[in-house]
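Engineer: Sequence plus predicted model, see below.
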Amino acid sequence: MKLSVIIPCYNERSTIERIVAAVKNVSLPEVEVIIVDDFSSDGTREVLKAAIEPRVDRVIYHSANRGKGAALRSGFAAATGDVVIVQDADLEYDPQEYSKLLDPILNRSADVVFGSRFMGAEPHRVAYFWHMVGNKFLTTLSNMFTNLNLTDMETCYKLFRREVIQGLTIEEDRFGFEPEITAKIAHRGLIIYEVGISYYGRTYAEGKKIGWRDGLRAVYAIIKYNVLSRQKPSSS
């Protein structure tokens, strides 16, 4: 079983080498590492070219900053593994947990697995209260439209059978990817599991990027991909 790890990055010079080392240290039979640099301007590109390109399977460079969703679209298209996982470049999520995330796909016929920050007994860094409220609100709103009982729709850790993710068209360029992909897999009747994970959230001073505008876009994406995009044109 081959796992493709897609790492979208934008201005992650201080963490990109450490996350690549952590991914390469995972004890799995075969791991493909694909990095998509979304036109970083802080020196990340120079680090990738000088120190990381020889250590990974592929680095894709965007010619303009397009957003996380666009970076994932490029990475998913390049993946060749049996299973594909999203790995942020900021050290908030631990690659050592890949094995337990893979279990539902390997042993329980799952098509998609979400790693939840809000279930289980794994360690979680204490950070922003309102971010937690916002995440739970968006998850609840998404669940109301998808009829899923997810606890963490906005999680980075999402695993897909490769044929599932490559069979979907990703339209969102930024953080609207999360509700979009959740809606699209929900309405295809796929088998979805959730697994509790640890979470080492960072602060804005440490480089956290998501903000309230992304929350508004997520609300729009929930409505768009669950209602507007699914409406059939009326016959005349």
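Structural biologist: Perfect, thanks for sending it. Numbering: from 1, shown residues only.

Engineer: mind listing what D88 touches?
Structural biologist: Contacts here follow Cβ atoms under 8 Å, 6 or more residues apart in numbering; on that basis D88 touches 7-8, 19, 156. Backbone N, C-alpha and C define where each C-beta goes, glycine included.

Engineer: do I34 as well
Structural biologist: Contacts of I34 by Cβ under 8 Å, 6+ apart are 4-7, 56-60, 75, 78-79.

Engineer: Which among the residues you listed count as buried?
Structural biologist: Buried subset of the contacts of I34 (neighbour count, 16 or more other Cβ atoms under 10 Å): 4-7, 56-57, 59-60, 75, 79.

Engineer: my guess is A218 meets E180, correct?
Structural biologist: No. Using Cβ atoms under 8 Å, A218 is not in contact with E180; the gap is 9.1 Å.

Engineer: Have a look at those two and say which one is more surrounded.
Structural biologist: A218 (26 against 23; other Cβ atoms under 10 Å).

Engineer: pLDDT at that one, what is it?
Structural biologist: A218 is assigned 94 on the pLDDT scale.

Engineer: can you give me how far stretch 181-188 is from the chain middle?
Structural biologist: 14 Å (Cα atoms, centre = their mean, to the nearest Å).

Engineer: Same question for stretch 102-117.
Structural biologist: On Cα atoms, centre = their mean, the centre of stretch 102-117 falls 14 Å from that of its chain.

Engineer: ok, now stretch 162-169?
Structural biologist: Distance, stretch centre to chain centre, for stretch 162-169: 14 Å (Cα atoms, centre = their mean).

Engineer: how about that stretch as PDB, C-alpha atoms only?
Structural biologist: Taking Å, rounded to 0.1, in the frame of the first residue of the first chain, the C-alpha atoms of stretch 162-169 are listed here in PDB:
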ATOM      1  CA  ARG A 162      -6.900   8.000  -4.700                       C
ATOM      2  CA  GLU A 163      -9.700   7.100  -7.100                       C
ATOM      3  CA  VAL A 164     -12.100   9.000  -4.900                       C
ATOM      4  CA  ILE A 165     -10.200  12.300  -4.700                       C
ATOM      5  CA  GLN A 166      -9.100  12.200  -8.300                       C
ATOM      6  CA  GLY A 167     -12.700  11.600  -9.300                       C
ATOM      7  CA  LEU A 168     -13.800  14.900  -7.800                       C
ATOM      8  CA  THR A 169     -13.500  18.400  -9.200                       C
END
